[in-house]
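Student: Pasting the sequence and the predicted model now:
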Amino acid sequence: MTKPVFRFAPSPNGRLHLGHAYSALLNTEMAHQFGGRFLLRIEDIDVTRCRPEYEAAIYEDLAWLGLRWEEPARRQSEHFGDYRTAFSTLKGRGLVYPCFCSRKDIAEAVACREVEEQAWPRDPDGAALYPGTCKGIPAGEAERRIAGGEAHAWRIDMGRALAAAPGPHGYRRFDREGAEEVCAADPGRWGDAVLVRKDVPTSYHLSVVVDDALQGITHVVRGKDLEAATDLHVLLQSLLGLPTPRYHHHGLVLDLTGDKLSKSRQSEALADLRLRGASAADVWQRLGFAPQPIPST
């Protein structure tokens, strides 16, 4: 059997908190338990929010926790060419189309549809599904607008994608004891999702799928807030001819109000805990792990 490969993949757009610590510890614990490897990936495609000081802090926080990973860590911003290649494959098959809409344009179009058709469908994250405003733009007109420098994203044509890879779609879910079960996936509920953003030549969905394949990731351990995204990732893996890893979506660390910890909500950072005198062992115990460094390979 192939040696299992796990990865922890934070974004350097803020300081790590206990939720990140839990995911990192669980990844490295499972890698050790299953006799696998543990990789660190820096997901820094968001060039406006990601900062070098936050990346440096990730290394500092993980080292403080006692974790080790294979060097060098993969930095997504250094591999835009890989994502362009994958996108070109999808574009060559006619599975994507350019979208010139702003968020305001989409909100207004959905508002009009909701007046006419009542409730408009939402994706698993609660955002309104794209109403297809740009899907019918003739190819020649779209090319002229792109050549003229008009900002645009690229969306998957979900109808064509599902026709090209009709499924059924699914993946294997595993637990901490290694037991597995097959889970059905429903990528259609994401609608015509963005695969290439206006500001960078990729998106979270496209880059994660490409990276997992290129790094040989066999086991993805991440929070339940990303469980629904797996449906779309499974479809992209099928369309691109990439392997589908096994997945484990763990529970989230919540604050006193019952909300998940978040950088955007300025949840207490590991660095703040450290300044208040907390030790790495305190964090392990608080998160339910053995009070000792968890070895990683």
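Tutor: Done, it's in.
Student: Now do the strands in the stretch 101-250 of the chain.
Tutor: Taking DSSP state E, counting those that start in this stretch, the strands of the stretch 101-250 of the chain run over residues 153-156, 169-174, 180-185, 194-196, 219-223, 246-250.
Student: So which bits of the second one are buried?
Tutor: Taking 16 or more other CB atoms under 10 Å as the neighbour-count basis, strand 169-174 is seen to contain the buried residues H169, Y171, R173, F174. From N, CA and C alone the C-beta is placed, and that goes for glycine too.
Student: Can I get the strands of the stretch 101-250 of the chain in JSON lines including distance to G19 and mean pLDDT?
Tutor: Output for these, formatted as JSON lines (distance: least, CB to CB, whole Å; pLDDT from 0 to 100):
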{"stretch": "strand 153-156", "distance to G19": "29", "mean pLDDT": "98"}
{"stretch": "strand 169-174", "distance to G19": "20", "mean pLDDT": "98"}
{"stretch": "strand 180-185", "distance to G19": "23", "mean pLDDT": "98"}
{"stretch": "strand 194-196", "distance to G19": "25", "mean pLDDT": "98"}
{"stretch": "strand 219-223", "distance to G19": "7", "mean pLDDT": "98"}
{"stretch": "strand 246-250", "distance to G19": "10", "mean pLDDT": "98"}
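Student: out of those, which comes closest to S264?
Tutor: For the strands of the stretch 101-250 of the chain, proximity to S264 was assessed by CB to CB; strand 219-223 is nearest, at 14.8 Å.
Student: Show me what that closest one is in contact with.
Tutor: By CB atoms under 8 Å, 6 or more residues apart in numbering, the residues outside strand 219-223 that reach it are 4-7, 9, 19, 23, 26-27, 30-31, 34, 36, 174, 212, 230, 245-252, 260.
Student: what about the stretch 101-250 of the chain, any weak spots by pLDDT?
Tutor: 117 (pLDDT under 70).
Student: what about the helices in it?
Tutor: Applying DSSP state H, counting those that start in this stretch to the stretch 101-250 of the chain gives helices spanning 103-117, 139-147, 158-164, 204-214, 229-240.
Student: Give me the residues contacting stretch 205-213.
Tutor: 7, 9, 41, 43, 45, 74, 76, 79, 82-83, 86-87, 193, 195-196, 202, 217, 220, 229, 232-233, 236-237, 240, 242-243, 245.
Student: how near is A278 to L16?
Tutor: A278 is 14 Å from L16, where distance means CB to CB, to the nearest Å.
Student: Repeat that for R155.
Tutor: According to CB to CB, R155 and L16 sit 32 Å apart.
Student: Just to check, G94 is in contact with A161?
Tutor: No - here G94 does not reach A161: they are 9.9 Å apart, not a contact under CB atoms under 8 Å.
Student: Comparing these two, which residue is more hemmed in?
Tutor: With neighbours defined as other CB atoms under 10 Å, G94 and A161 compare such that A161 has more, 25 against 11.
Student: Now the more buried one: closest residue in space that isn't a chain neighbour?
Tutor: L95 (5.1 Å; CB to CB, 6 or more residues apart in numbering).
Student: That neighbour: neighbour count?
Tutor: L95, neighbours per other CB under 10 Å, totals 24.
Student: And for V234?
Tutor: By other CB under 10 Å, 25 other residues sit near V234.
Student: do the one 5 residues further on as well
Tutor: One way to gauge burial is a neighbour count; for L239, by other CB under 10 Å, it gives 20.
Student: A278 and L16: who's more crowded?
Tutor: Counted by other CB under 10 Å, A278 and L16 do not tie: L16 has more neighbours, with 25 against 13.
Student: so the more buried one touches L270, yeah?
Tutor: Yes - between L16 and L270 there is a contact under CB under 8 Å: 5.1 Å.
Student: Kindly point out which residues are neighbours of both of the two.
Tutor: Common neighbours of L16 and L270, counting by CB under 8 Å, 6+ apart, are D61.
Student: sorry, back to before: quick one: which of the strands of the stretch 101-250 of the chain is nearest D61?
Tutor: strand 219-223 (17.3 Å).
Student: Now do the closest one against strand 169-174: the angle between them, please.
Tutor: Interaxial angle, strand 219-223 versus strand 169-174 (axes from the mean of the first three to the mean of the last three CA atoms, to 10 degrees): 90 degrees.
Student: can you give me how far strand 219-223 is from the chain middle?
Tutor: How far strand 219-223 lies from its chain's middle: 10 Å, per CA atoms, centre = their mean, to the nearest Å.
Student: How many residues are close by D282?
Tutor: By the criterion of other CB under 10 Å, D282 has 14 neighbours.
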